[in-house]
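S.K.: Any chance you can model this:
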Amino acid sequence: MQGLSKTGSDLLEALVLEILSKLPVKSLTCFRCVCKPWSSSFQTPLFITKHLQNNLRNNNLNLLHKGFCGDSRDGVHSFSQLSTEKGQNFSVKQNFHLPFSGKGWSFLEVDGPCNGILCLADRDKAALWNPSTREFKILPQSSVQRPPLADSTRFRCLGFGYDSQTDDYKVVRFVVNYFEEDSDAGSRFEQNDQVELYSLRSDLWKEISYPGVNPDGSPLFNSYVNGVYYWWANGSSGHLILSFDMVSEKFSTLPFPETLDRFYSHLLDFNGLLGAIFYQGKVTEK
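M.R.: As a prediction, this is how the structure comes out:
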């Protein structure tokens with residue numbers, strides 16, 4: 001537009017993006033073809049977060065249901081978007097096709113969301129998926145070196161989050177290497193632990209320092225809060241909370257809350273704060 005200052009142009013662009021962030025995903029998919037700046041803007045964390053907040057404010061929630069059909073070897077994972085509108089009784093609005101379903105993804109775990117993006121993991125495989133735009137990216141295989149004498153390797157306890165300083169999405173996961181030794185008493189196993197970190201910006205995995213404690217299973221709820229991912233963990237002195245800062249790429253630990261029972265509680269994001277949900281276990285005698 002002639003005669004419009006740079007400041008005025010920036011304000012106009014910000015206003016346009018503010019309006020676009022209030023539109024449904026179907027409209028945004030069409031508008032990506034208007035121009036390259038719009039298409040690029042729709043993929044920025046700032047726009048994704050703003051669009052997600054507007055959808056939450058308007059109760060346009062993406063409630064997903066994960067299903068599995070078949071046996072553990074040849075089964076197929078499926079995701080369905082459920083309606084949250086009043087009177088719809090969570091009926092299926094649409095089904096999502098995962099391009100890697102039925103191709104060895106037998107024990108799929110879902111982590112997130114982070115800015116509307118989910119991380120899917122199954123043993124040594126992982127992918128990033130945006131259910132709203134249907135975009136996905138299968139992450140490359142790790143090039144981190146394993147101990148030369150390791151007999152087997154297992155991937156576990158993944159964490160997914162966003163680095164606001166470098167505008168980067170990161171995936172951290174723990175790796176357990178097993179060693180089998182023969183002895184007079186029979187075979188026994190020893191293990192060696194590693195931690196590796198994936199950066200979407202570099203599209204590479206790298207090894208980072210092992211924190212000295214192991215997460216106690218994968219979180220049931222989303223436990224990524226304001227740039228930090230949290231797990232329950234086991235230390236030499238008992239239960240604790242292990243955290244990983246996506247910006248500094250450093251681990252730290254927090255004391256275990258004395259009022260909680262580890263076996264009946266889960267960590268979660270509670271309105272931007274780290275929270276814990278507790279449920280009372282009960283044994284029924286017959």
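
S.K.: okay, now the domains of the chain?
M.R.: Following automatic domain parsing, the chain resolves into domains at 1-60, 63-106.

S.K.: Lowest average confidence across these, which one?
M.R.: Across those, domain 63-106 has the smallest mean pLDDT, namely a mean of 60.

S.K.: And the helices in the protein?
M.R.: 6-20, 25-31, 36-41, 45-57 (DSSP state H).

S.K.: Look up the closest residue to residue 49, ignoring the ones flanking it.
M.R.: Take residue 49 and drop its neighbours on the chain: the residue closest to it by CB to CB, 6 or more residues apart in numbering is residue 115, 5.3 Å away. All C-beta spots, glycine's among them, are computed from the backbone N, C-alpha and C.

S.K.: My understanding was that the one you found contacts residue 50; is that so?
M.R.: No - applying CB atoms under 8 Å as the test, residue 115 and residue 50 come out as separate, 9.9 Å apart.

S.K.: quick one: buried residues of stretch 119-129?
M.R.: Counting neighbours by 16 or more other CB atoms under 10 Å, one finds that the buried residues in stretch 119-129 are 119, 120, 121, 122, 125, 126, 127, 128, 129.

S.K.: Over to stretch 174-182?
M.R.: 174, 175, 176, 177.

S.K.: Show me which of these is closest to residue 158.
M.R.: residue 174 (7.9 Å; CB to CB).

S.K.: and the closest one, what is it in contact with?
M.R.: 155, 156, 157, 158, 193, 194, 195, 214, 215 (CB atoms under 8 Å, 6 or more residues apart in numbering).

S.K.: one more time with 7 Å
M.R.: 156, 157, 193, 195, 214, 215 (CB atoms under 7 Å, 6 or more residues apart in numbering).

S.K.: cool, residue 267 as well?
M.R.: Counted by CB under 7 Å, 6+ apart, residue 267 has contacts 219, 221, 223, 230, 232, 274, 276.

S.K.: same thing but 8 Å
M.R.: Counted by CB under 8 Å, 6+ apart, residue 267 has contacts 219, 221, 223, 230, 231, 232, 241, 274, 275, 276.

S.K.: With residue 143 instead?
M.R.: Residue 143 neighbours (CB under 8 Å, 6+ apart): 204, 205.

S.K.: cool, the one 10 residues further on as well?
M.R.: Residues in contact with residue 153, defined by CB under 8 Å, 6+ apart, are 124, 146, 175, 176, 177, 178.

S.K.: how does it look with 7 Å?
M.R.: With the criterion set at CB under 7 Å, 6+ apart, residue 153 makes contact with 146, 175, 177.

S.K.: Distance to residue 32 and pLDDT added to these, as CSV?
M.R.: Formatted as CSV, the contacts of residue 153 follow (distance: CB to CB, whole Å; pLDDT from 0 to 100):
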residue, distance to residue 32, pLDDT
146, 41, 89
175, 37, 91
177, 43, 88
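
S.K.: List the buried residues of stretch 216-231.
M.R.: Residues of stretch 216-231 classed as buried by neighbour count (16+ other CB under 10 Å): 216, 218, 219, 222, 223, 224, 225, 227, 228, 229, 230, 231.

S.K.: The residues you listed in strands, which ones?
M.R.: 224, 225, 228, 229, 230, 231 (DSSP state E).

S.K.: okay, now the closest residue to residue 193 other than its chain neighbours: neighbour count?
M.R.: In space, and not counting its chain neighbours, residue 193 is closest to residue 210: 5.3 Å by CB to CB, 6+ apart. When neighbours are counted by other CB atoms under 10 Å, residue 210 registers 14.

S.K.: Can you pull the phi and psi angles for residue 210?
M.R.: phi -80, psi 130 (degrees, to the nearest 10).

S.K.: Could you pull up the residues touching it?
M.R.: Neighbours of residue 210 in contact, by CB under 7 Å, 6+ apart: 193, 194, 195.

S.K.: Distance-wise, check it relative to residue 114.
M.R.: Distance, residue 210 to residue 114, using CB to CB, to the nearest Å: 24 Å.

S.K.: How are the strands of the stretch 151-286 of the chain distributed by residue range?
M.R.: For the stretch 151-286 of the chain, the strands defined by DSSP state E, counting those that start in this stretch cover 152-163, 168-181, 188-199, 204-208, 214-215, 224-225, 228-235, 238-245, 250-255, 265-270, 273-278.

S.K.: Distance check, residue 206 against residue 172.
M.R.: Residue 206 is 11 Å from residue 172, by CB to CB.
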